[in-house]
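Colleague: what follows is a predicted protein model with its sequence.
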Amino acid sequence: MHSPTHGLFRPKGDHSEHKVSFSELFFDLVFVYAITQSAHLLIAHFTPYGVYQGLLVILAVWWVWVFTTWVTNWLNPETVAVRLMLFVLMLLGMGLSIAIPDAFGKHGLLFALCYVAMQIGRTVFICLCSRQHRPELHRGFIRMTIWFAVSGVLWITGALQEGTTRTVLWSLALLIEYASASLSFAVPGLGRSDTKEWDISGPHMAERCGLLLIIALGESLLVTGNTFSGAHWDLATFTAFISAFVATVAMWWIYFSLSAEKASEVIANSDNRGHLARVVYTYVHLLLIIAIVLVAVADEFVLAHPLGHTGIGTMVAMIGGTALYLIANILFKRLVFNGQPLSHYIGLALLAMLCVAAFHVPPVAVAVATTLILVLVAIQETVVVMRKNSH
């Protein structure tokens with residue numbers, strides 16, 4: 001006889017173990033909104049302090065999404081209880097997303113309450129589901145609940161403060177949460193989680209993270225399209241628009257065309273899938289998301305002012321975002337395939353040289369140059385992969 005909670009877990013050994021459900025895709029729609037809101041927050045406050053606050057928001061959005069992805073890697077979203085749990089998280093996610101533009105202002109408490117409720121509520125839910133039949137998961141999520149409760153105090157306390165105090169307290173809350181995962185959620189008296197016990201589905205994790213990257217790239221296209229539609233159409237804005245589109249395609253090509261599917265197979269066959277998934281999909285993919293958002297912000301800046309002087313903000317967003325994307329792909333391919341993609345290093349060298357020239361050319365020229373670098377990286381690596389496959 002199986003208890004009701006036992007039936008909430010994904011069945012092992014058949015195709016549904018790795019399947020991404022429609023309810024998970026529906027859940028991701030909220031994060032289209034959250035990523036768009038995060039990009040607009042950065043666009044509106046692209047100063048050193050504003051960028052730091054914007055990155056805090058992106059870190060929080062990613063953390064709540066990726067932990068939900070871990071949970072639905074074990075739980076079956078086709079069951080009514082898990083599906084309802086996702087829908088409740090969607091409602092809270094809407095509140096979180098609505099609060100993002102004024103998260104460091106009048107909507108701070110809404111942002112913090114929704115975030116804490118999502119993190120603790122989802123974790124308690126899987127604690128209850130795993131209590132009888134998955135004791136190793138139950139112990140791990142008990143530890144996780146304790147960590148989220150500690151950080152939750154800082155989130156709520158910070159929301160009740162103003163100005164720099166809120167930023168500092170929320171920074172500490174995120175530092176605690178990100179450190180907790182790297183420490184395997186160690187709790188005095190309860191020990192720490194063993195990643196070898198995390199019998200995750202590698203293909204499911206890879207597909208979920210890949211789908212969110214597509215969402216982020218799609219958000220980049222939305223920002224570009226909306227800005228271009230409201231701009232004065234001339235040769236400079238048209239060039240900037242085409243450059244932004246081609247850059248987005250090149251970013252997709254570098255990740256999806258050459259490595260995403262093979263990475264799924266590698267993790268599925270790994271002896272320590274939990275550890276590899278934690279490093280690659282919890283941490284490295286965060287860098288990919290940040291990079292894509294930064295490039296989307298840069299596209300907005302370039303389309304708004306394609307000619308004239310290239311400001312520091314445009315340079316940081318465009319060249320820095322592109323460089324971060326290549327660095328994250330290097331880490332991804334190094335960790336998964338133990339490879340060293342030469343094309344990516346060449347791209348970084350070219351971006352470094354572009355930093356010098358960028359002060360002397362208009363923003364649209366910087367955008368075109370970064371796009372050409374991304375296209376060169378994609379072409380070079382594609383040729384290398386095709387040669388390897390032919391031998």
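Modeller: Received, thanks.

Colleague: just the CA trace of stretch 347-364, in CSV.
Modeller: Extracted as CSV, the C-alpha positions of stretch 347-364 are listed here (Å, rounded to 0.1, in the frame of the first residue of the first chain):
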residue,chain,number,x,y,z
GLY,A,347,36.0,36.3,-27.8
LEU,A,348,37.0,37.6,-24.3
ALA,A,349,40.3,38.9,-25.8
LEU,A,350,38.5,40.8,-28.5
LEU,A,351,36.1,42.2,-26.0
ALA,A,352,39.0,43.5,-23.9
MET,A,353,40.4,45.3,-27.0
LEU,A,354,37.0,46.7,-27.7
CYS,A,355,37.0,48.4,-24.3
VAL,A,356,39.7,50.7,-25.5
ALA,A,357,38.1,51.6,-28.8
ALA,A,358,34.6,51.9,-27.3
PHE,A,359,35.4,55.4,-25.9
HIS,A,360,36.0,56.7,-29.4
VAL,A,361,33.0,55.3,-31.3
PRO,A,362,29.2,55.7,-30.9
PRO,A,363,27.1,53.1,-29.0
VAL,A,364,25.7,51.5,-32.1
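
Colleague: distance between it and the chain's centre?
Modeller: Averaging C-alpha positions (CA atoms, centre = their mean, to the nearest Å) puts stretch 347-364 26 Å from its chain's average.

Colleague: mind listing residues that contact that stretch?
Modeller: Here stretch 347-364 makes contact (CB atoms under 8 Å, 6 or more residues apart in numbering) with 236, 239-240, 243, 301-302, 305-311, 314-315, 318-319, 322-323, 326-327, 366, 369-370, 373-374, 376-377. All C-beta atoms are positioned from the backbone trio N, CA, C, and that covers glycine.

Colleague: the same query, at a cut-off of 7 Å, please.
Modeller: 236, 239-240, 301-302, 305-308, 310, 314-315, 319, 322-323, 326, 366, 369-370, 373, 376-377 (CB atoms under 7 Å, 6 or more residues apart in numbering).

Colleague: next: stretch 147-158.
Modeller: Outside stretch 147-158, the residues touching it (CB under 7 Å, 6+ apart) are 112, 115-116, 119-120, 123, 166, 169-170, 172-173, 176-177, 180, 185.

Colleague: and these, which two are furthest apart?
Modeller: Spatially, the most separated pair among these is Arg166 and Phe185, at 26.1 Å (CB to CB).

Colleague: among the contacts of stretch 147-158, name the buried ones.
Modeller: By neighbour count, with 16 or more other CB atoms under 10 Å, the contacts of stretch 147-158 hold 112, 115-116, 119-120, 123, 166, 169-170, 173, 176-177, 180, 185 as buried.

Colleague: those in helices, which ones?
Modeller: Judged by DSSP state H, the buried ones among the contacts of stretch 147-158 include 112, 115-116, 119-120, 123, 166, 169-170, 173, 176-177, 180 as members of helices.

Colleague: make a markdown table from those and add distance to Val223 to it.
Modeller: Formatted as a markdown table, these follow (distance: CB to CB, whole Å):
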| residue | distance to Val223 |
| --- | --- |
| Ala112 | 26 |
| Tyr115 | 24 |
| Val116 | 29 |
| Gln119 | 28 |
| Ile120 | 32 |
| Thr123 | 33 |
| Arg166 | 27 |
| Leu169 | 30 |
| Trp170 | 25 |
| Ala173 | 28 |
| Ile176 | 32 |
| Glu177 | 28 |
| Ser180 | 33 |
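
Colleague: in the stretch 51-200 of the chain, which ranges drop under the pLDDT threshold?
Modeller: The stretch 51-200 of the chain contains residues with pLDDT under 70 at 194-199.

Colleague: so for the helix or strand harbouring Gly210, what gets flagged as buried?
Modeller: If you go by DSSP states H and E, Gly210 is part of helix 202-230. Across helix 202-230, burial judged by 16+ other CB under 10 Å covers 202-210, 212-213, 215-220, 223-224, 227-228.
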